[in-house]
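Peer 1: structure for the following, please:
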Amino acid sequence: METTFSPVDTTLLLDLGEPEFVLEMVDLYAETSAAYVTRIGKALEASDGAELTKAAHALKGASLGMFAALVAGLAADLERAGKTNRFDAARGLYAELGTAFADAVQCMRCATKEQAGCLATPKDRSP
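Peer 2: Sure thing, here's the model as predicted:
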């Protein structure tokens, strides 16, 4: 039995409302959170712990609201790294964040458009 995880709990996501409304929320999340990811990258380039902390905190909150647990967890780790000025550790996390964010947005869009390829929940799935 193989354990597979979804980047988003799509069951909870879809419980937010009608598909059109959820898709609008996904689009808003993708746009605003992409800006947070960019701010995180710029903060790392400048070794600016305060800005890293603020941008990562904002991304964490937005991601929790959209049930993107992996992105939220990476953002929380980046927030802690910013508070302690651990930029080397943060750069490694930032590399992971880009992929996790893209995967989460793709999964959200897939789920709201009822396309194949996204898991229903981040739970163990048996054949």
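Peer 1: how near is the residue nearest the centre of the chain to L97?
Peer 2: Using C-alpha atoms, centre = their mean, the residue of the chain that lies closest to the mean C-alpha position is V71, 2.9 Å off. With distances taken as C-beta to C-beta, to the nearest Å, V71 is found 7 Å from L97. No exception for glycine: its C-beta is placed from N, CA and C like everyone else's.
Peer 1: please apply the same query to R39.
Peer 2: To L97, R39 is 12 Å away according to C-beta to C-beta.
Peer 1: what of T38?
Peer 2: Counting by C-beta to C-beta - T38 and L97 are separated by 11 Å.
Peer 1: look at the two and report which has more neighbours.
Peer 2: When T38 is set against L97 and neighbours are counted by other C-beta atoms under 10 Å, the residue ahead is L97, at 23 against 11.
Peer 1: surely the more buried one meets A76?
Peer 2: No - in this structure, L97 is not within contact of A76 by C-beta atoms under 8 Å, at 11.2 Å.
Peer 1: which helices and strands does the strand or helix carrying A90 pack with?
Peer 2: When secondary structure is defined by DSSP states H and E, A90 falls within helix 87-112. Packed against helix 87-112 by the contact rule (3 or more C-beta pairs under 8 Å, 6 or more residues apart in numbering; DSSP states H and E) you find helix 10-14, helix 19-45, helix 49-65, helix 69-83.
Peer 1: just tell me which of those ends up closest to K113.
Peer 2: Put simply, out of the helices and strands packed on helix 87-112 the one that sits nearest K113 is helix 19-45, at 7.2 Å, with distance taken as C-beta to C-beta.
Peer 1: tilt between that closest one and helix 87-112?
Peer 2: Relative orientation of helix 19-45 versus helix 87-112 (axes from the mean of the first three to the mean of the last three C-alpha atoms, to 10 degrees): 170 degrees.
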